[in-house]
Structures are given as C-alpha cells and as structure tokens.
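> Compute the structure for the input listed below.
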Amino acid sequence: MQELNQIRQELALMAARVGEDLGKALTVLGTGDKALAQEVRESGKIVDTLHTKIEELVFVLIATKRPVARDLRELLTIIKISASIERVGDYSIHLVKTAEKLSRRPAFRSSERIERMAITGQEMLKAAFSAYMAQDAEEARAAAAMDDIIDSEHKAITEEMLKLMKKHPELVKRAARLLRLSGYMERLGDHITNICEGIIFMTEGIHEELNK
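Residues are numbered from 1 along each chain as shown. Okay, the predicted model is just below:
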C-alpha cells in the first residue's frame, strides 16, 4: 500500500531526528553549548509537526481505504509509536534546559549516570525502530530489556541525591534538578518500551506488558 509506505517514511524521519536531537542534548550536557541547545529546541517544533502530519495521514488512510487485520494493527501502532517518539523528543528538550542550568556549576559525579541513561535511551530508540522496520517482535523485546539499565541508573541517582541533600543542604536546589532530570530519562525509557509493546501488538496481535 503506497500510502502506508509514505507514512512509514515520515515515521522514519521523525525517529531519526529525535535520535539525533538526543545525541545533541548529550553534547549540551557535557559542554553547555548554547547554539546546539537552540538547535534541539527548534528541532522539537519540526518533530511536533511530523507527529501531527503522521496522525493525519493515518486517519485519512483508515477513513478512505478501510484497512483490516495486519494493516489496521500497523496503523494503530504507528499512532502509538509517533506519540511516544514525540514524547522522547520532549525529554531531549528537558535534558537541554536542565543541562544549561547545571553547566554553570561544577558537575556532580551523578551527571555521568545521566549520560549513560541518555545514551542507553538513544540505543533503545534505534533498536526499537529497527524492530519496527523489520516487524520483529523478538527484536522489540530485546530493545525493551535495555530499559533495565536506565531504571538501575535512576534508582542509583535517587539514592545518591537524597543522601547528598541531607548532608549538604546548600546543594538541594541543584541536586533536585539532577533528580528531576533523571526522572525525565527514566520516563524516556518507558516511552520507548511502549513503542516495543506496540510492535509486539502489530506483529503478534497480543498486548504484552513490558514495563514491569
């Protein structure tokens, strides 16, 4: 179906852009590059436009072609994937905003954990979209399993920041920002896991809970 192929291409563009934005946000975290931070913000607007376009294309295709079975499941999955990718893009912007504030002071050691979470998220997104293109449920499950790394880092950061805030009250505001950022990265992983669940539904027709 030509229309479905067009939607797949738009979704691929959206996923590639968000993955690139997440990489740029990581660079901002390490360097505080304001120009690069602005690029991520501007790119976020393009991602939002792509999300809207994809949804409109899906709705038009469903209304005009009345797809059934596998094609209909894929179209419903595309709506879910597009929404989740858009949310991942939002967290890239949150990463940039917080990184700009954190870069004005000496880095916490826990910033390295944030970097690992973001890098893992980037790898997860790439693996999840690869699973979608291959229409491979097992690849999707493998991609979702990477979220355990993000969850582990988030737990460690939470424990570290709570101890730090008790010991150094003067660092509470900055530690809270890092803790909030860790929460954003944790939810980023959850959204990519949602993409993987959608792929399993698309390929196997079952709803499988991967966020445990």
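> Quickly note the distance from the closest residue to residue 84 other than its chain neighbours to residue 141.
Excluding the flanking residues, the one nearest residue 84 by CB to CB, 6 or more residues apart in numbering is residue 191, at 4.3 Å. No exception for glycine: its C-beta is placed from N, CA and C like everyone else's. For residue 191, the distance to residue 141 equals 16 Å [CB to CB, to the nearest Å].
> quick one, which of the two is more surrounded?
Counted by other CB atoms under 10 Å, residue 191 and residue 141 do not tie: residue 191 has more neighbours, with 24 against 16.
> Which secondary structure element is home to that one?
Taking DSSP states H and E as the criterion, residue 191 maps to helix 172-204.
> Show me which residues of that helix are buried.
Neighbour-count burial for helix 172-204 flags 174-175, 177-179, 181-182, 184-203 (criterion: 16 or more other CB atoms under 10 Å).
> Then stretch 10-29?
Going by neighbour count (16+ other CB under 10 Å), the buried part of stretch 10-29 is 10-11, 14-15, 17-19, 21-22, 24-26, 28-29.
> Looking at these, spot the one nearest residue 158.
Distance to residue 158 across these (CB to CB) is lowest for residue 29, with 18.5 Å.
> So that closest one sits against residue 119, correct?
No: at 10.6 Å, residue 29 and residue 119 do not qualify as touching, with contact defined as CB atoms under 8 Å.
> coming back round to it: show me what the helix holding residue 191 is packed up against.
Where contact means 3 or more CB pairs under 8 Å, 6 or more residues apart in numbering; DSSP states H and E, helix 172-204 is packed against helix 69-102, helix 111-134, helix 137-145, helix 147-167.
> what's the pLDDT at residue 85?
You'll see residue 85 listed with a pLDDT of 95.
> Could you measure from it over to residue 163?
As judged by CB to CB, residue 85 and residue 163 stand 35 Å apart.
> more neighbours, those two?
Under the neighbour definition other CB under 10 Å, residue 85 and residue 163 were set side by side, and residue 85 has more, 27 against 11.
> How about the contacts made by that one?
Contacts of residue 85 were listed using CB atoms under 8 Å, 6 or more residues apart in numbering, and they are 11, 14-15, 18, 47, 51, 125, 191, 195.
> What is the nearest of those residues to residue 66?
Nearest to residue 66 among these: residue 11, at 21.2 Å, using CB to CB.
> Next one: the closest one relative to residue 176, how far apart?
Counting by CB to CB, the gap from residue 11 to residue 176 is 36 Å.
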